[in-house]
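Colleague: 3D model of this:
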Amino acid sequence: MSLFRRFLSSNMGQLVIELVLVAVPAALVAVLLNLIFGSFTQSLFGDLLLNILEAVVVAVVFVQALRKIEHISPSDVGLPRHQWFRQLLVGFLAGGALLTVVIIVLAITGSYRITSADPFAVVQLICLIVAACLLALLFTRDKKIGFLHYVLFALLLFGFLPVMASLVILIGGAIQEEFVFRGIIFRKLESSFGSWIAIAISAILFGFIHLLSPTATLVGAIALVISSGVLFAAIYILTRNLWLATGVHLGWNFFEGPVFGVQVSGHVMPGFLSSSITGPEIWTGGSFGPEAGVGTIFIVGAVAFYLCFRAARLQRMIPRHRPQSIPSDTRSEQADAPVNP
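Modeller: Alright, predicted model coming up:
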């Protein structure tokens, strides 16, 4: 076997190749858009288009790499075609609920307050949350689409209307980060070094890549390592479902920006509520957003490490040099009847 074939067949070789295959075209898209349109990507529409194109590139390259390089299907890594919308929706609500807890704690300590809210936008927000919760409940009871599902889909769309651009941008960002960090980096590291080492390395990379943001701080990067980096990896370990992890990521960012009106990794996004955050930057996250604060480290970090502990108790942590196997109960969930979004 040639040296290249050995490299291609190894986990670390596939990790490097897949990262290059994903990063190069995604970077070219950003460069070309800036060359053609100048500062185009600094506008809302430019940011929207860039995120859509990069998400499409990442998703297509990732799926093709799975099939051509690893010779497995997307469902083998947690992207089943069945019930993908239900998994996204459940994850979206879970991520939103977790961010809401953080905001409540900040509000109790006097660091967060709502400065203005349009009454009609509040009605739309209520419709969005109620419709999402009822849809998730219906999907757990009946996997077939019925009349009530379509009514709730319409209410969900009505709720999303004023923040559709922000939603699409956040969907693009969640897909890119989860497919790369959990779908490629964590998964390949786990196959070679086991779950614990994979969590540590992927979480560190996830946190410190956010230092590229102009408003990022070292404390913020460490907060993302301890909280989000570990959290999303633990969710993937427990469920082996990449749709669910992507949904949690999306729900966190959506509630952080468009819903509660605070910055998302240093970016301001139009939404339902206008708010202000005051207090020590180390507690609130400052201009980077609540995810960079000590409050988030304590709250989300506690949830993340509990999920890791639960995964260990359920023997879903893969030790080093042990072939990865998906628990039977997880496989059965992925084999449920299909749900059309």
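Colleague: give the contact list for Cys203.
Modeller: One correction, residue 203 is Ala, not Cys. Val225, Ile226, Gly229, Val230, Ala233 (Cβ atoms under 8 Å, 6 or more residues apart in numbering). Backbone N, C-alpha and C define where each C-beta goes, glycine included.
Colleague: And the residue nearest the centre of the chain?
Modeller: The centre of the chain sits closest to His249, judged by Cα atoms, centre = their mean, with a distance of 2.6 Å.
Colleague: if I look at it, how far off is Met164?
Modeller: Distance, His249 to Met164, by Cβ to Cβ, to the nearest Å: 19 Å.
Colleague: Longest helix in this protein, by number of residues?
Modeller: helix 11-37 (DSSP state H).
Colleague: Now do it, average pLDDT.
Modeller: What helix 11-37 shows for mean pLDDT is 86.
Colleague: which residues of the stretch 151-300 of the chain fall in strands?
Modeller: Remark: strands assigned in the stretch 151-300 of the chain by DSSP state E, counting those that start in this stretch are 273-277.
Colleague: Touching, the residue nearest to the centre of the chain and Ile171? I think so.
Modeller: No. Counting by Cβ atoms under 8 Å, His249 does not reach Ile171; the two are 9.8 Å apart.
Colleague: picking that back up, against Ala121, how distant is the residue nearest to the centre of the chain?
Modeller: Distance from His249 to Ala121, by Cβ to Cβ: 24 Å.
Colleague: One more: Leu98?
Modeller: Noted for Leu98: a distance of 23 Å to Ala121, by Cβ to Cβ.
Colleague: go on, Pro25?
Modeller: 38 Å.
Colleague: So which of the two has more stuff around it?
Modeller: The residue with more neighbours, out of Pro25 and Ala121, is Ala121; 18 against 15, by other Cβ atoms under 10 Å.
Colleague: pretty sure the more buried one contacts Phe272?
Modeller: Yes. Applying Cβ under 8 Å as the test, Ala121 and Phe272 come out as touching, 4.6 Å apart.
Colleague: Give me the common contacts of these two.
Modeller: With contacts taken as Cβ under 8 Å, 6+ apart, the residues that reach both Ala121 and Phe272 are Pro162.
Colleague: hang on, the earlier thing: okay, the contacts of Ala203 in JSON lines with neighbour count next?
Modeller: Output for these, formatted as JSON lines (neighbours: other Cβ atoms under 10 Å):
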{"residue": "Val225", "neighbour count": "21"}
{"residue": "Ile226", "neighbour count": "20"}
{"residue": "Gly229", "neighbour count": "29"}
{"residue": "Val230", "neighbour count": "24"}
{"residue": "Ala233", "neighbour count": "30"}
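Colleague: all helices for the stretch 51-200 of the chain, in order.
Modeller: 84-108, 119-141, 147-160, 164-178, 187-193, 195-209 (DSSP state H, counting those that start in this stretch).
Colleague: what residue ranges in this protein score low on pLDDT?
Modeller: 1, 4, 37-43, 321-341 (pLDDT under 70).
Colleague: so who does Arg187 touch?
Modeller: Neighbours of Arg187 in contact, by Cβ under 8 Å, 6+ apart: Val77, Ala198.
Colleague: separation between it and Ile72?
Modeller: Counting by Cβ to Cβ, the gap from Arg187 to Ile72 is 11 Å.
Colleague: what number of residues lie near the closest residue to Leu211 other than its chain neighbours?
Modeller: Nearest residue to Leu211, sequence neighbours excluded (Cβ to Cβ, 6 or more residues apart in numbering): Ala221, at 5.1 Å. Applying other Cβ under 10 Å, we find 21 residues neighbouring Ala221.
Colleague: how far away is Ala221 from Gly229?
Modeller: In terms of Cβ to Cβ, Ala221 sits 10 Å off from Gly229.
Colleague: shared neighbours of those two, which are they?
Modeller: Common neighbours of Ala221 and Gly229 (Cβ under 8 Å, 6+ apart) are Gly207.
Colleague: If we ignore the residues flanking it in sequence, what's nearest Met269?
Modeller: Gly257 (3.8 Å).
Colleague: Surely the one you found touches Phe272?
Modeller: No. Contact criterion Cβ under 8 Å: Gly257 and Phe272 do not qualify, at 10.1 Å.
Colleague: Looking only at neighbour counts, state which of those two leads.
Modeller: Ranked by neighbour count (other Cβ under 10 Å), Gly257 and Phe272 place Gly257 first, with 25 against 22.
Colleague: and the more buried one, what is it in contact with?
Modeller: Here Gly257 is in contact with Ser166, Leu170, Gln263, Val264, His267, Val268, Met269, Gly271 (Cβ under 8 Å, 6+ apart).
Colleague: can you put these in TSV and add distance to Asp142 and neighbour count?
Modeller: TSV is the format used below for those (distance: Cβ to Cβ, whole Å; neighbours: other Cβ atoms under 10 Å):
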residue	distance to Asp142	neighbour count
Ser166	31	23
Leu170	29	24
Gln263	39	21
Val264	34	23
His267	38	18
Val268	40	12
Met269	34	22
Gly271	32	23
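Colleague: Columns distance to Ser10 on top of the residues you listed, output as CSV?
Modeller: Below are those laid out as CSV (distance: Cβ to Cβ, whole Å):
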residue, distance to Ser10
Ser166, 41
Leu170, 35
Gln263, 41
Val264, 37
His267, 37
Val268, 43
Met269, 41
Gly271, 45
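Colleague: Which ones among these map onto helices?
Modeller: Counting by DSSP H, the contacts of Gly257 contribute Ser166, Leu170 to helices.
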